[in-house]
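> Have a look at this fold, sequence not included:
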Ligand SMILES: Cc1cc2nc3c(=O)[nH]c(=O)nc-3n(C[C@H](O)[C@H](O)[C@H](O)COP(=O)(O)OP(=O)(O)OC[C@H]3O[C@@H](n4cnc5c(N)ncnc54)[C@H](O)[C@@H]3O)c2cc1C
């Protein structure tokens, strides 16, 4: 090897003529140059890998509101709509950790500013846009803002916000107790887990609503259940029994329903809840009574 480097260099025209060096020094120079070359190439490869691996920067700012354009509004039920907002470029990501939410600012019917939290149902694997599913209450202040929003309007958003921490495989199974629009963080987490072939976490969702028609994202949830029968199970509960055949629950979510459809208390499970305040309180009482410790419970 040493001979070859010396030989290669001494065969080159210009080093020999410009810098007439003895063979042993020429070899040192050759080794130094080769080392510099290899180090530079290695550094370039590492830098390129790091650049490609680096998560793209998100579009949210936790300190100030950023405006996003409403590009699509789709009716889901009589008082729920799906809103798609575009990000600055087709490859931009929102930059929202799984299970976190954003704060949206709007004006109520009196023109007063109002800020409320919402959980996008999209993930950072969705490029160029994010989506919200929003229930609009007749007297709700932010509901008024969303009701009045048309495609082309802008929404002011700040974030991300949230306490939930998700790492693939952090528990063996999640039990999920959702009511109404409380499905949004559950849906986001379910997507993150089911779309990651390396994450084998099992999901057991109990989803409560008033009527069958009020169940939002039902089509998507049913697709999860049929596509991932070993990983995702959903049990719907309605307060008003449907007239057609119904294999879900009727009434309020009970202790017995949780025992039948959620993982039993254990060190490697967690029960998540998100719904109206009354439901959250009732679920906490049931969970305590069944024996889930506070570490096994999380409220979004
Ligand atoms: C972390 C988090 C994430 C959320 N994500 C979503 C989401 O993705 N989609 C979504 O639609 N909402 C979501 N919400 C709820 C949302 O923040 C607002 O509370 C909701 O949109 C009502 O706001 P409002 O200003 O219209 O109503 P407000 O002016 O606050 O309330 C006025 C009236 O509306 C009715 N009302 C309001 N909230 C409820 C309720 N939960 N159940 C029954 N009646 C109610 C009551 O009659 C109330 O008196 C989330 C809440 C939290 C805490």
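That came through, no problem. What you are looking at is a predicted structure, and each value in this text was computed from that prediction instead of being measured.

> residues in this structure within reach of the ligand, list them.
Residues of the chain that fall close to the ligand, judged by C-beta under 6 Å from any ligand atom: 101, 114, 116-119, 132-135, 137, 139-143, 181, 184, 276, 300. To be clear about C-beta, it is placed using only N, CA and C from the backbone, and glycine gets the same treatment.

> Got a quick PyMOL command for the buried subset of those residues?
Only the buried entries of these go into this PyMOL selection, using 16 or more other C-beta atoms under 10 Å:
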select buried, resi 101+114+116+118+119+132+133+134+135+140+141+142+143+181+184+300
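
> okay, now the closest residue to residue 141 other than its chain neighbours: neighbour count?
Distance criterion C-beta to C-beta, 6 or more residues apart in numbering; nearest residue to residue 141, sequence neighbours excluded, is residue 108 at 3.7 Å. Residue 108 has 15 neighbours, counted by other C-beta atoms under 10 Å.

> Backbone torsions only: list them for residue 108.
phi -80, psi -170 (degrees, to the nearest 10).

> That one contacts residue 148, correct?
No. Counting by C-beta atoms under 8 Å, residue 108 stays clear of residue 148, with 10.2 Å between them.

> show me where the stretch 1-150 of the chain has helices.
Assigned helices in the stretch 1-150 of the chain, in chain order: 2-11, 13-18, 23-53, 141-148 (criterion: DSSP state H, counting those that start in this stretch).

> Please state the mean pLDDT value computed over the shortest one.
Across helix 13-18, the average pLDDT comes to 49.

> now swap in stretch 168-186 and tell me
97.

> so where's the stretch 101-250 of the chain uncertain?
Regions of the stretch 101-250 of the chain meeting the criterion pLDDT under 70 are absent.

> what number of residues lie near the nearest residue to residue 99 once chain neighbours are set aside?
Closest residue to residue 99 apart from its sequence neighbours, by C-beta to C-beta, 6+ apart: residue 164 at 3.5 Å. Residue 164: 17 surrounding residues under other C-beta under 10 Å.

> Was I right to think residue 164 contacts residue 273?
No. Judged on C-beta under 8 Å, residue 164 makes no contact with residue 273 at a distance of 11.7 Å.

> which neighbours do these two share?
298, 300 (C-beta atoms under 8 Å, 6 or more residues apart in numbering).

> And residue 221, how far from residue 253?
16 Å (C-beta to C-beta, to the nearest Å).

> Between those two, point out the one with more neighbours.
residue 253 (23 against 20).

> who touches the more buried one in this structure?
177, 179, 206, 208, 237, 279, 282, 283, 286.

> bridging residues for the second one?
This means residue 179. Beta bridges link residue 179 to residue 208, judged by DSSP bridges.

> Next, count neighbours for it.
The burial count for residue 179: 24, using other C-beta under 10 Å.

> need the contact list for it.
207, 208, 209, 253, 274, 275, 276, 279, 280.
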